[in-house]
Each structure stands twice: as C-alpha cells, then as structure tokens.
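Undergrad: sequence? don't have it. structure:
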C-alpha cells in the first residue's frame with residue numbers, strides 16, 4: 001500500500017537534501033533519477049528501493065542516517081548497510097576525510113601543496129590516485145592565457161612535481177603523466193617507490209601529499225579547488241609574501257547559478273598576509289575559488 005504521507009525516510013531525505021544545498025532537480029541529476037521521483041520519495045508516495053537508498057547515501061553522505069531511516073521504514077533493505085558499504089556497492093572506492101590545500105606566493109615562485117587523507121571504503125586495495133596541475137595566468141581572458149603559455153609552457157623541470165604517502169615518509173612516489181599540455185597536467189600517482197608498494201587497504205586510511213611549483217609570472221591572482229571525490233572537510237591556506245588587496249572567496253555549485261561568497265580568515269604578521277578557510281562536506285562538482 002502506498003504510504004499516506006511523508007515517512008521518516010522521506011522527511012530525513014529532504015532535510016539532508018536541503019543541508020547539502022540542493023534542490024530536487026539538482027539532487028535528481030546527481031542520483032541519475034527524474035526530479036519527479038525525488039518529489040515522490042520525499043512525499044512518501046514511493047517506498048525507496050535498496051538502489052535508491054544506497055545512491056542517496058553516496059551522494060548526500062549522511063553518515064548512515066538515511067540508511068537507518070530506510071531500515072526503520074521497512075524499505076527494500078533486508079540488512080543494515082553501513083555508509084562505507086553503500087559507497088562500495090555504488091562503485092565509490094575512496095573518500096577524502098580531509099584535504100589541506102596550501103599555496104605560498106613569493107615574488108619568484110608559487111608553491112602549491114595538497115595533502116589528502118584518503119580512506120578506502122571499497123573492497124579492493126587502492127594503488128594510485130590522480131593529481132592535477134591546472135594553471136591560468138588570466139582567468140578572465142582564456143585566449144590571452146593560451147597564447148602566453150603557448151610561447152612559455154610550464155615544464156616538468158620547473159614544476160619539480162613530488163608526491164609521497166605517510167606510510168613511506170620522505171620517499172618520492174612513482175608517477176605517470178596522463179596528459180601534458182602547456183598549462184595543464186594530469187598525473188597518475190602510484191603508491192609505490194623503489195619497487196616497494198604501499199597500497200591503501202579496505203578500511204584503512206593514508207595521507208597522500210603532492211606538491212609542485214610554478215614561476216610567479218605564470219600564476220594568475222587566484223587559487224581554485226575542484227571537488228571531484230566525496231570529501232568530508234576542505235581546508236585552504238594561502239601565504240602571501242607579496243602585496244595582496246581585497247582577498248575574497250566564492251563557491252560555485254550545482255545549486256547556484258552565480259558564485260556564492262565565502263569569507264576566509266585573514267591575518268597579517270610581520271608584513272605578510274595569511275588566508276585560512278575551512279568547510280565541511282563540500283558538494284561534489286563544487287568549485288572553491290579565492291581571488292586577490
């Protein structure tokens with residue numbers, strides 16, 4: 001029999017959708033369903049199947065709350081399913097518990113470092129991850145940037161790309177170049193060095209850090225982080241050894257046609273400026289940007 005009104009699952013499902021800043025259409029797109037189906041679930045007109053519950057957990061990352069609500073409501077779940085198992089069933093092998101993205105700007109060089117605490121929520125060891133170098137000297141004028149990098153591309157000698165894992169501290173990890181363009185690099189970092197392997201096994205975590213540098217004249221007045229993997233916490237730290245005025249932040253996500261302002265903390269010490277910002281559970285495909 002079709003429920004007469006919203007169930008516990010439907011109510012909680014809607015609350016988590018709102019908490020993640022998504023409307024029904026946007027959540028439907030992330031879950032690969034029709035928006036009317038999302039509405040029916042929230043109103044209690046449809047009892048969610050196991051596939052729906054697990055996909056909702058993977059997208060909304062409720063810590064298992066909506067899975068428990070589905071079990072209590074008698075949805076099509078014959079056993080309790082942990083959040084990790086829900087992600088695994090949907091083919092999500094890893095989540096980022098924390099990302100700390102750091103930038104240091106001086107007059108000659110810009111140094112970037114990204115440290116990610118990667119947790120294996122799948123059933124197979126994780127042996128690699130993907131790192132990106134994506135530089136834009138003039139974000140407002142793409143053609144001008146392209147022309148500039150065409151005549152003065154970013155080289156690997158300049159980058160000095162380095163990656164390591166905390167289970168083998170100080171040892172540079174092997175990596176393979178996937179895409180190599182004038183101002184864009186995609187890199188497959190392998191969790192191995194000198195013939196030794198350091199996989200992240202199911203249920204375990206490790207901190208993977210990659211870093212690189214770019215000549216200051218090749219870096220534009222901004223820093224951007226794209227959320228491509230389910231992430232629990234994002235932290236950004238920018239140190240300015242140069243003049244920086246009117247530093248501001250914004251986030252663009254599926255639920256906003258225009259960027260939304262975010263306010264970082266700014267501190268000056270000995271004439272230098274440091275920006276710090278932290279946010280929890282950033283939405284997938286959202287873009288965080290800081291400009292100066």
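TA: Received, thanks. This one's a predicted model, so the numbers in the text were calculated from it and none came from an experiment. Numbers count the residues shown, from 1 in each chain.
Undergrad: so who does the residue nearest the centre of the chain touch?
TA: Closest residue to the average C-alpha location of the chain: residue 227 at 2.7 Å, with CA atoms, centre = their mean. Applying CB atoms under 8 Å, 6 or more residues apart in numbering, one finds that residue 227 lies in contact with 234, 282, 283, 284, 285, 286, 287, 288. (C-beta placed from N, C-alpha, C; glycine too.)
Undergrad: got the confidence number for it?
TA: For residue 227, the pLDDT comes out at 89.
Undergrad: follow-up on the earlier one: filter the contacts of residue 227 down to the buried ones and hand me the ChimeraX line.
TA: Applying 16 or more other CB atoms under 10 Å to the contacts of residue 227, the buried members can be selected in ChimeraX as follows:
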select :234,282,283,284,286,288
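Undergrad: tell me the two of the contacts of residue 227 that are most distant?
TA: Largest separation among the contacts of residue 227 by CB to CB: 234 and 285, giving 13.5 Å.
Undergrad: number of residues surrounding the nearest residue to residue 72 once chain neighbours are set aside?
TA: When the adjacent residues along the chain are set aside, residue 72 lies closest to residue 8, with 5.9 Å between them (CB to CB, 6 or more residues apart in numbering). Other residues near residue 8 number 14, with proximity taken as other CB atoms under 10 Å.
Undergrad: my guess is residue 8 meets residue 69, correct?
TA: Yes. Applying CB atoms under 8 Å, one finds residue 8 in contact with residue 69, separated by 4.8 Å.
Undergrad: enumerate the positions of stretch 164-183 that are buried.
TA: In terms of neighbour count (16+ other CB under 10 Å), stretch 164-183 has its buried residues at 164, 165, 168, 173, 174, 175, 182, 183.
Undergrad: checking the third one next. Helix, strand or coil?
TA: Yep, that's residue 168 we're talking about. Here residue 168 is coil, with the state taken from DSSP: H, G, I helix; E, B strand; the rest coil.
Undergrad: report the contact partners of it.
TA: When the contact criterion is CB under 8 Å, 6+ apart, the partners of residue 168 are 193, 196, 198.
Undergrad: which one is residue 287 nearest to, not counting chain neighbours?
TA: Taking CB to CB, 6+ apart, and ignoring the residues beside it in sequence, residue 287 has residue 252 as its nearest neighbour in space, at 4.7 Å.
Undergrad: contacts only, for the one you found.
TA: Residue 252 makes contact with 258, 259, 260, 286, 287, 289, according to CB under 8 Å, 6+ apart.
Undergrad: repeat that for 7 Å
TA: Residue 252 makes contact with 259, 286, 287 under the criterion CB atoms under 7 Å, 6 or more residues apart in numbering.
Undergrad: quickly note the distance from it to residue 113.
TA: 24 Å (CB to CB, to the nearest Å).
Undergrad: and for residue 253?
TA: Between residue 253 and residue 113 the computed distance is 25 Å (CB to CB).
Undergrad: ok, now residue 238?
TA: 11 Å.
Undergrad: okay, those two: which has more neighbours?
TA: Applying other CB under 10 Å to residue 238 and residue 113 shows that residue 238 carries more neighbours, namely 23 against 16.
Undergrad: beta partners of that one?
TA: According to DSSP bridges, residue 103, residue 275 are recorded as the beta-bridge partners of residue 238.
Undergrad: can you name the helix or strand that residue 236 falls in?
TA: Using DSSP states H and E, residue 236 sits within strand 233-240.
Undergrad: mind giving me the domain split of this protein?
TA: As given by automatic domain parsing, the domain ranges for the chain are 8-89, 94-291.
Undergrad: so of those, which one's packed in deepest?
TA: domain 8-89 (a mean of 18; mean count of other CB atoms under 10 Å).
Undergrad: looking at it now, give me its mean pLDDT.
TA: Rounded to a whole number, the mean pLDDT of domain 8-89 is 78.
Undergrad: how distant is it from the center of its chain?
TA: 21 Å (CA atoms, centre = their mean, to the nearest Å).
Undergrad: still on that earlier bit, and of the contacts of residue 252, the nearest to residue 104?
TA: Of all those, the one with the least separation from residue 104 (CB to CB) is residue 287, at 21.6 Å.
Undergrad: OK, contacts around the closest one?
TA: 224, 226, 251, 252.
Undergrad: in strands only, show me the residues you listed.
TA: Using DSSP state E, the members of these that fall in strands are 224, 226, 251, 252.
Undergrad: beta partners of the nearest residue to the first one once chain neighbours are set aside?
TA: When you say that, I think you mean residue 224. Closest residue to residue 224 apart from its sequence neighbours, by CB to CB, 6+ apart: residue 289 at 4.6 Å. Here residue 289 sits in beta bridges with residue 224, residue 250, as judged by DSSP bridges.
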